[in-house]
Structures are given as structure tokens and as C-alpha cells.
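Undergrad: Prediction below, plus the sequence it came from.
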Amino acid sequence: MPNALHRIAVGRLGGFLGGVLVTGLLAGLGVGNATAAEPSAAVTAVVDYDKSGVVPTKKYRIGYLTECVDNPYCLARLDGLKAAAAKYGFEFKIFDANFSPAQQAKVVELAVAEDFDGYLFGPAAAQPGCGLWNRLLKPNGKPVVLIDIAMCGDPDYTPGLAATVTMQGPMHFDNMLDKAFSSCVGTCKVAAVGGYVGSDLFGYWEGAIDKAAAKYPNVEVVVDEPSDFDPRIALRKIQDALLAHPDITMIISSWDDMTRGVEQAVIAAGLEHFRSGLNRLGIPVASDF
């Protein structure tokens, strides 16, 4: 089950985030032997710290500046953060932006005013997030770990951050779509489902589709719809796509939870072997997880 697998993966990522945050805090606060490191060395430092099982003597207070808490991805990440808090002995407070940059500006101001020891920051959007970093978080001088999407025009790490843990961005989607479209033999027709219109992730997704379509002229995108990271919407959109274009030979999804809806649509259309990955009809599924 894709969702169950994803929850495990994100739970592990959440624990990793906790390790990154605590290591970043120790480096930023000059505790023990921790020192600030280049991004390439920071990964090794975090893994080593996580394996050591060392718990800080101080109970740190962390501001969790999250873009969301109520979809499967954010709930799984929150589970991971709770597990990390229990392991490392820190406490955290949630400041939910609900995918709104305007709301995030308000809650970040509140969080900085509360003067936490450090912050986990998931920007609701990259450029507004960069503004909040430069205006509020960076001048505050406390360690900040960026999660999910990069900001300030940087492909991953923005100078001054304690660490960055990112898993979705232009390069991520470019690689995914290039791999999917390159697998096409002969002429292929594609149906695509993506996230929220107007979001950075949807923009990255659409840009990757355009690049891949230009690179592989034998691939035609006949359906390209937003599905709000919702399996129910993806189910409906792909059902409609298969009815309108029964000759579709590839379906791409930017999120594993939406892929569950894609699977249901394919099964309802009588293409059960598509789900098993046998691809007897030449209809592969590509999802970003």
C-alpha cells in the first residue's frame, strides 16, 4: 500500500529531521563538541549524532513553523517529529500556516516573539518564505532547519541555515519526468495529475512536464489536471481521462496519495494488471514517491 509505505518513509525522515535540528542547535549554540559544518559534511554529522543516542542535558524548545498539519504527508511528518522529540528530549509548539503565506507571516512573527531555542521552518511558498527568513528568522540568531522546499532561489541549502532537508524541488521533478518519458517506446499519450494550482510544487511539476514533453516529442500530454494531493480527486480526474482518451499509455502523479486514486481508476477500468506493474498494456505509473 503506497500510503502505508510513505508513512513509514516520512516517519523515518521525521526522526532524521529531529536529528538535524538537534545537531544544528548544538552547533549554533556551541554546546559540547558540535560545530557548524558545510552541507556535505552535515549529513554525516547528523547520522553520527543520531547513532550516538546522546540526549542534550538541556530541554530545548522548538518552534515548528509548518506549512500544514492536516494532510497525510504533514501528519506523517508530525508523527516523525513527535518520535524525535521523545528520543532527543525536546519540546515543540506548532505554528500552522495552512498553506497560506499570509498566515505564515503572522505565525512566524508570533513564534519569533516567543523566543524558542530553534526553529523547524517549512515555507508555505519559497519566495515569501525567503522574506520571512531574511526579515525575522535570520536576524533572530537562533538555529533554523529548513524542511520540504528550498527558498531564496537556492536549489537546496540557503547560507545561514543550520541545515536543510528537502525532498521536492525542480530537480526532483525534472528527474522524475525525464525518467518516465524516456521509458516510452513508440508513441505515448500521457495523463498527469498534480497538486494545488498556484503552489510552488505545482509550478515545479508543470515545468518538469513541459521540459520532458519538449525533450521527448513522441510523448503527448493529453490530460494535465490539478488534484490537490487528494486521492478522491485524482480518481475522478483519471476516470474522466480514461473515458475521454482510452488510448492513454502513461499516467503520471506528483504524489503517492494521489496515485492511490489513480490505481482505483485503472482497476475500475478493468486494467488490474496495470496496478501489478506487469505493464501488459504498456501503461506504466510514475509517481514522485
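TA: Perfect, thanks for sending it.
Undergrad: which intervals of the stretch 151-289 of the chain have sub-threshold pLDDT?
TA: 272-289 (pLDDT under 70).
Undergrad: Determine which residue of this protein is most distant from the centre point.
TA: Most distant residue from the mean C-alpha position of the chain: Gly186, 32.7 Å away (CA atoms, centre = their mean).
Undergrad: Contacts only, for the nearest residue to that residue once chain neighbours are set aside.
TA: Of all residues beyond its chain neighbours, the one nearest Gly186 is Asn218 (6.8 Å), with distances taken as CB to CB, 6 or more residues apart in numbering. (C-beta placed from N, C-alpha, C; glycine too.) Taking CB atoms under 8 Å, 6 or more residues apart in numbering, we find Asn218 in contact with Cys184, Gly186, Thr187, Cys188.
Undergrad: Please report which of the residues you listed has the highest neighbour count.
TA: Cys188 (22 neighbours; other CB atoms under 10 Å).
Undergrad: For Asp256, see how far away that one is.
TA: When distance is defined by CB to CB, to the nearest Å, Cys188 is 22 Å away from Asp256.
Undergrad: and if you look at Val108?
TA: From Val108 to Asp256 the distance is 29 Å (CB to CB).
Undergrad: and what of Lys59?
TA: Taken as CB to CB, the span from Lys59 to Asp256 is 35 Å.
Undergrad: Quick check: Pro226 touching Ser199?
TA: No: between Pro226 and Ser199 there is no contact under CB atoms under 8 Å: 9.1 Å.
Undergrad: how about the helices in this structure?
TA: 2-29, 39-52, 72-88, 101-114, 126-132, 138-140, 170-182, 200-215, 231-244, 256-268, 272-276 (DSSP state H).
Undergrad: What's the mean pLDDT across the longest one?
TA: In this case it means helix 2-29. For helix 2-29, mean pLDDT rounds to 42.
Undergrad: now the shortest one
TA: In this model, helix 138-140 carries a mean pLDDT of 96.
Undergrad: Kindly report the same for the third one.
TA: Averaging pLDDT along helix 72-88 yields 87.
Undergrad: now for that helix, which elements pack on it?
TA: In terms of contacts (3 or more CB pairs under 8 Å, 6 or more residues apart in numbering; DSSP states H and E), helix 72-88 is packed against helix 2-29, strand 61-66, strand 91-96.
Undergrad: That helix: which residues count as buried?
TA: Pro72, Tyr73, Cys74, Ala76, Arg77, Leu78, Gly80, Leu81, Ala84, Ala85, Tyr88 (16 or more other CB atoms under 10 Å).
Undergrad: so which pair among these is furthest apart in space?
TA: The most widely separated members of these, counting by CB to CB, are Pro72 and Tyr88 (24.7 Å).
Undergrad: Surely Val55 is in contact with Gly89?
TA: Yes: with contact defined as CB under 8 Å, Val55 counts as touching Gly89 (4.8 Å).
Undergrad: ok, and what's touching stretch 219-239?
TA: 71, 73, 181, 184, 187-197, 202, 206, 209, 212-213, 241, 244-245, 248, 250-251, 253, 255, 257-262, 264-266, 268-269.
Undergrad: partner residues bridging the residue nearest to Leu65 when sequence neighbours are not counted?
TA: Nearest non-adjacent residue to Leu65, counting by CB to CB, 6+ apart: Phe121, 4.6 Å away. Using DSSP bridges, the beta-bridge partners of Phe121 come out as Leu65, Leu146.
Undergrad: my guess is Phe121 meets Leu136, correct?
TA: No: assessed by CB under 8 Å, Phe121 is found out of contact with Leu136, at 10.1 Å.
Undergrad: what do these two both touch?
TA: With CB under 8 Å, 6+ apart, Phe121 and Leu136 have common neighbours Val108.
Undergrad: Same drill for the two, tell me which one is more crowded.
TA: Phe121 (26 against 17).
Undergrad: Quick one: residues contacting the more buried one.
TA: Counting by CB under 8 Å, 6+ apart, Phe121 has contacts Leu65, Val108, Gly129, Leu132, Trp133, Leu137, Val144, Val145, Leu146, Ile147.
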